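Undergrad: Mind looking at a prediction? Sequence and model below.
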Amino acid sequence: MGVPQTSSLLGMDREEIAVLVSEAGEPGYRTKQIMDAVYRQRVESPAEISTLPQEFRERLAESGVGVGAAKIEKKFSSVDGTVRYLIVFADGQSVETVWMPEGDGGEAGDGSEAGVEAESSGISISGAEAWASFVATGGAAGSRPLSNQNRRSSSSGRSTICISSQVGCAVDCQFCLTALLGVKRNLSAGEIVGQVCALLKDQGVSPPEDRINLVFMGMGEPFLNYDNFIKAARLLVEGVGIAERRMTVSTAGIVPRIRDFGGETIRPKLAISLNASNDALRTRLMPLNKKWNLEMLLAAAREFPLRTREWITFEYVLLGGVNDLPENAREVAEMLRGLRCKVNLIALNPGPGIDFMTPSAERVMAFQDILRGAGIPAFVRRPRGRDIYAACGQLKRTVEVATSPELQLQSISPKREG
Ligand code: SAH
């Protein structure tokens, strides 16, 4: 009760908190105390910041400073351990955030340590095995032999959190459920970081002791909410303490932002949703290809300044009979030749309103074999939490959003540009 909150600590960086501290006439070291409380201890109100004098805590609250923590409204648990969270923000808008314990979490093969560890420990993420067992279990388990699979998250775990960047999405990919929502609004940096804080708290884990990977692959297009996304990434590194190399952002291909992203000093790794082997096909599946076609996209990828031991990941959703033919695989191999990259193949995760088919396991493996034969590392992303609609392209809030015409116009949706 009491004073309505006017500003949230969550989402503020060190400089912004320093201003707040100095304006309050407090000593400089309070900045670190507040940073630690918000991002490391993940307090939910100024009253909980026990390192601050009681009087300062009260003054903060009275002046309308809150933490702005994200609230978990619902949790859905999959038989494979994946948990889909419905997270609600102050204005009642909500997004989904996914917790994937002990898994490749979708980042397998993109150079993150989780993927590399899985490979080197002999756990095949080449997909054949995973896919076969997925098919064998009727898609419910998506599991494969993994000795430590049932281990609860612990300091030796390597779980992955899949974060949303917008409420809904404006990009209109024809195979993605989130696209059906349209876009309602961007998330603030605090709301993006808040998803991570809420899940870490709920799971009882804490980086860096617990190894957490982050993928910006949930609802929304991170590069259409670029400033908030990049600020959130910085806060996750500097505040929460998750290493850059443990984070991957996926874009549908917003070319100018890929270029900006390459110039950032602190940045996650880059994944690009390719999804088609030629322009005609890609324009049909991802209308934004009219604006930034494959030539432009691949030029940006070729010029992208990779760091030591860094690779670009290309994601490719396989749609039965549409883009999964041997000919498509050969075109992809040709297109990516010479690029320091990996390909993550994702068999379509089905959903209501999606008019495509999940390809057979044989098709998936044949596609992978052609890429590998051409010298391109290719992996099959293990479907996670399909039974609870938590897998790639299945995030669609329980309560649907009303589309905001204003945001639709601002954002890039070539379909509407004619
Ligand atoms: N907007 C960003 C990040 C979110 S999508 C992007 O487009 O990259 C994360 C990944 O899921 C993308 O590679 C996307 O192509 C894939 N995807 C979308 N819908 C899917 C579906 N129904 N089945 C499997 N993968 C899907």
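TA: Cool, the structure landed. Numbering: from 1, shown residues only.

Undergrad: OK, contacts around the nearest residue to residue 355 once chain neighbours are set aside?
TA: Closest residue to residue 355 apart from its sequence neighbours, by CB to CB, 6 or more residues apart in numbering: residue 174 at 7.7 Å. No exception for glycine: its C-beta is placed from N, CA and C like everyone else's. Shown in contact with residue 174 (CB atoms under 8 Å, 6 or more residues apart in numbering): 284-287, 354-356.

Undergrad: run the last query once more with 10 Å
TA: 275, 284-287, 319, 322, 354-356 (CB atoms under 10 Å, 6 or more residues apart in numbering).

Undergrad: Turn those residues into JSON lines, columns for neighbour count, pLDDT and distance to the ligand.
TA: Listed next are these as JSON lines, based on neighbours: other CB atoms under 10 Å; pLDDT from 0 to 100; distance: CB to the nearest ligand atom, whole Å:
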{"residue": "275", "neighbour count": "25", "pLDDT": "98", "distance to the ligand": "5"}
{"residue": "284", "neighbour count": "13", "pLDDT": "98", "distance to the ligand": "14"}
{"residue": "285", "neighbour count": "21", "pLDDT": "98", "distance to the ligand": "9"}
{"residue": "286", "neighbour count": "25", "pLDDT": "98", "distance to the ligand": "8"}
{"residue": "287", "neighbour count": "20", "pLDDT": "97", "distance to the ligand": "12"}
{"residue": "319", "neighbour count": "23", "pLDDT": "98", "distance to the ligand": "9"}
{"residue": "322", "neighbour count": "20", "pLDDT": "98", "distance to the ligand": "12"}
{"residue": "354", "neighbour count": "19", "pLDDT": "90", "distance to the ligand": "6"}
{"residue": "355", "neighbour count": "8", "pLDDT": "92", "distance to the ligand": "11"}
{"residue": "356", "neighbour count": "18", "pLDDT": "96", "distance to the ligand": "8"}
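
Undergrad: Pick the one among those residues closest to residue 95.
TA: Residue 95 has its nearest neighbour among the contacts of residue 174 in residue 354, at 19.8 Å by CB to CB.

Undergrad: Roughly how far does the residue nearest to that closest one when sequence neighbours are not counted sit from residue 331?
TA: In space, and not counting its chain neighbours, residue 354 is closest to residue 175: 5.8 Å by CB to CB, 6+ apart. In this view, residue 175 and residue 331 are 18 Å apart by CB to CB, to the nearest Å.

Undergrad: Of the two, give the one with the bigger neighbour count.
TA: Neighbour totals were compared for residue 175 and residue 331, and residue 175 leads with 23 against 18 (other CB atoms under 10 Å).

Undergrad: Got phi/psi on that one?
TA: phi -110, psi 0 (degrees, to the nearest 10).

Undergrad: right, and it touches residue 359 too?
TA: No. Using CB atoms under 10 Å, residue 175 is not in contact with residue 359; the gap is 12.0 Å.

Undergrad: between the two, what contacts are shared?
TA: With CB under 10 Å, 6+ apart, residue 175 and residue 359 have common neighbours 317-319, 322-323, 348.

Undergrad: how near is residue 186 to residue 283?
TA: 26 Å.

Undergrad: more neighbours, these two?
TA: residue 186 (22 against 18).

Undergrad: Please name the nearest non-neighbouring residue to the closest residue to the ligand within the chain.
TA: Closest contact between the chain and the ligand, by CB to the nearest ligand atom, is at residue 393 (1.9 Å). In space, and not counting its chain neighbours, residue 393 is closest to residue 176: 4.2 Å by CB to CB, 6+ apart.

Undergrad: helix or strand for the one you found, which one?
TA: Here residue 176 sits in a region with no helix or strand, counting by DSSP states H and E.

Undergrad: right, and it touches residue 169 too?
TA: Yes. Counting by CB under 10 Å, residue 176 touches residue 169, with 7.3 Å between them.

Undergrad: Give me the common contacts of these two.
TA: 219, 252, 395.

Undergrad: Next up, the contacts around the last one.
TA: To tie it back to what came earlier, the one meant is residue 395. 84, 95-98, 162, 164, 168-169, 176-178, 181, 217-220, 351, 389.
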